[in-house]
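S.K.: got a sequence here, can you model it:
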Amino acid sequence: MTAFADKIRSVGYLRGGRTRPRVREGRAHPDSGVPFKAVTDELGGVVTEHATRDDRVDVTVHAPRLHVQATQTEER
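M.R.: Below is the predicted model:
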């Protein structure tokens, strides 16, 4: 094997093909004009920072679903 092939095999792949957080900025309401910044990570979690007096931060976590299967074995 070549060093290049080993290097390529060690590179991970993230679901959806995105490797960086996506940043979105704007105004929450056109009337009030309060700015916000929303950052979405690779797994779909969103952190929203609001530029208000209390500097509110909202976090939404999209955890992957877990599938659990239980079995019972009997020994004699």
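S.K.: and the strands in the chain?
M.R.: Ranges of strands in the chain, per DSSP state E, are 22-27, 35-40, 46-50, 57-60.
S.K.: thought residue 39 was touching residue 46?
M.R.: Yes - taking contacts as CB atoms under 8 Å, residue 39 lies within contact range of residue 46: 7.2 Å. C-beta here means a position set from N, CA and C on the backbone, and glycine is covered the same way.
S.K.: picking that back up, any idea which of the strands of the chain gets closest to residue 75?
M.R.: Ranking these by proximity to residue 75 (CB to CB) places strand 57-60 first, at 46.4 Å.
S.K.: list the neighbouring strands of that closest one plus their orientation.
M.R.: strand 46-50 (antiparallel) (DSSP bridges).
S.K.: which outside residues touch the strand it pairs with?
M.R.: 28, 34-41, 55-60, 62 (CB atoms under 8 Å, 6 or more residues apart in numbering).
S.K.: just give the closest residue to residue 33, not the sequence neighbours.
M.R.: Counting by CB to CB, 6 or more residues apart in numbering, residue 27 is the residue found nearest to residue 33 once chain neighbours are left out, at 5.6 Å.
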